[in-house]
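>>> got a sequence here, can you build the structure:
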Amino acid sequence: MAQTSADQDLSWLKRFKQERRRRIKRAGKRLTRALGDFLGRQSLVGDTPILDNSHFPFLKSFTDNWETIRAELEKILVHREAIPGFQDVSPDQYRIATGTNWRTFILFGFKTKMEKNCRQAPVTTKLLEAVPNLQTAWFSILAPGYHIPAHRGVSKGIVRAHLGLIIPRDAEKCRIRVGDQIKVWRPGEIFVFDDTYEHEVWNDTEDERVILLFDIDRPMRFWGRFVNGTFLKIMKLTAFYQEPKRNMQTFEERFEAATRRADQNLEKLSEP
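Modelled structure (predicted):
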């Protein structure tokens with residue numbers, strides 16, 4: 001069946017948008033590489049793959065309360081089928097996240113509080129709200145046997161924390177490489193790293209791995225903070241940020257609906 005003129009126009013428009021997106025991504029990668037060295041020199045916490053926890057005194061509140069955080073997480077995981085895959089939220093992650101192998105329950109995205117999701121984890125949310133210059137935060141749920149391929153983060157102006165919550169019994173087989181360093185998660189332990197170094201993850205076990213992941217602004221001198229802030233403002237105008245932002249709201253509403261249905265079903269079962 002021959003394409004109509006309208007179909008051809010839509011097809012051309014789709015190809016144009018895809019090509020524009022690829023060009024923007026390539027330009028963005030070149031810009032982040034160019035900025036990386038400068039922001040590294042502006043850093044007040046060093047420029048190594050793994051950063052010293054002593055630079056981030058607020059981390060103690062997470063290790064002190066990790067069991068409470070895990071208890072909130074376990075209630076959320078009851079409805080894990082309503083938790084989206086990472087690539088469903090952010091289509092640009094399709095290369096490193098497939099199917100439901102890497103689920104993400106987002107609490108804060110691009111400095112925006114996901115109110116409905118946060119109500120599911122009030123203590124965790126309160127702790128995150130006390131973190132200086134928080135950018136994003138989510139529960140990262142990795143399926144048994146999954147490997148996240150090597151990749152790099154967007155900006156050296158942001159650093160990432162991982163708090164171990166549900167860790168496979170054979171913990172040594174569940175690990176992350178950051179640059180040339182290997183870290184193994186432990187329940188209740190936290191570490192901070194620079195995700196602009198190449199990093200990859202292996203879960204070579206039969207168990208699920210779940211952590212609390214959150215990003216913060218790297219402590220830097222004035223010009224580093226200024227340049228990074230300007231760069232992030234520009235990035236937030238692109239599809240790389242705008243599309244996940246829209247998707248986060250959709251999946252937040254879906255999760256709330258799923259928990260509401262489950263509660264209603266429990267009420268019906270308890271009726272005489």
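>>> helices of the stretch 151-272 of the chain, residue ranges please.
Secondary structure of the stretch 151-272 of the chain by DSSP state H, counting those that start in this stretch: the helices cover 222-235, 239-270.
>>> compare the mean pLDDT across those and name the weakest.
Mean pLDDT is lowest for helix 239-270 out of those, coming in at a mean of 62.
>>> so residue 38 makes contact with residue 224?
Yes. Counting by Cβ atoms under 8 Å, residue 224 is a contact partner of residue 38 at 7.3 Å. No exception for glycine: its C-beta is placed from N, CA and C like everyone else's.
>>> who's more crowded, these two?
Of the pair residue 38 and residue 224, residue 224 is the one with more neighbours under other Cβ atoms under 10 Å, namely 22 against 15.
>>> show me what contacts that one?
By Cβ atoms under 8 Å, 6 or more residues apart in numbering, the contact list for residue 224 reads 38-39, 41-43, 157, 218.
>>> which element follows the helix or strand hosting residue 37 toward the C-terminus?
Assigned by DSSP states H and E, residue 37 belongs to helix 5-42. Later in the chain than helix 5-42, the nearest helix or strand by DSSP H and E is strand 50-51.
>>> can you list contacts of that next one?
With contacts defined as Cβ under 8 Å, 6+ apart, strand 50-51 is touched by 45, 159, 178, 181, 183, 191-194.
>>> of the residues you listed, closest to residue 202?
residue 183 (11.6 Å; Cβ to Cβ).
>>> can you give me the pLDDT of residue 89?
Reading off the confidence values, residue 89 has pLDDT 84.
>>> which residues sit in contact with the nearest residue to it once chain neighbours are set aside?
Distance criterion Cβ to Cβ, 6 or more residues apart in numbering; nearest residue to residue 89, sequence neighbours excluded, is residue 247 at 4.8 Å. Taking Cβ under 8 Å, 6+ apart, we find residue 247 in contact with 84, 88-90.
>>> what's the mean pLDDT across the helix holding residue 37?
Averaged across helix 5-42, pLDDT comes to 67.
>>> picking up where we left off before, which members of the contacts of residue 247 occur in helices, if any?
If you go by DSSP state H, the contacts of residue 247 have 88-89 in helices.
>>> so which of the contacts of strand 50-51 are in strands?
159, 178, 181, 183, 191-193 (DSSP state E).
>>> buried subset of the residues you listed?
Those of those that meet the buried threshold are 159, 178, 183, 191-193, by 16 or more other Cβ atoms under 10 Å.
>>> follow-up on the earlier one: quick one: the contacts of residue 247 as TSV, columns for neighbour count too.
Formatted as TSV, the contacts of residue 247 follow (neighbours: other Cβ atoms under 10 Å):
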residue	neighbour count
84	20
88	19
89	22
90	21
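>>> so which of the contacts of residue 247 is the closest to residue 116?
For those, the nearest to residue 116 is residue 84 (13.9 Å; Cβ to Cβ).
>>> kindly export the helix or strand that contains residue 63 (C-alpha atoms) in CSV.
Here residue 63, judged by DSSP H and E, is contained in helix 59-64. Included here for helix 59-64 are C-alpha records, laid out as CSV according to Å, rounded to 0.1, in the frame of the first residue of the first chain:
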residue,chain,number,x,y,z
LEU,A,59,26.4,10.2,54.7
LYS,A,60,26.4,9.1,58.3
SER,A,61,22.6,9.7,58.5
PHE,A,62,22.1,7.1,55.8
THR,A,63,24.3,4.4,57.4
ASP,A,64,22.7,5.1,60.8
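>>> all set, thanks.
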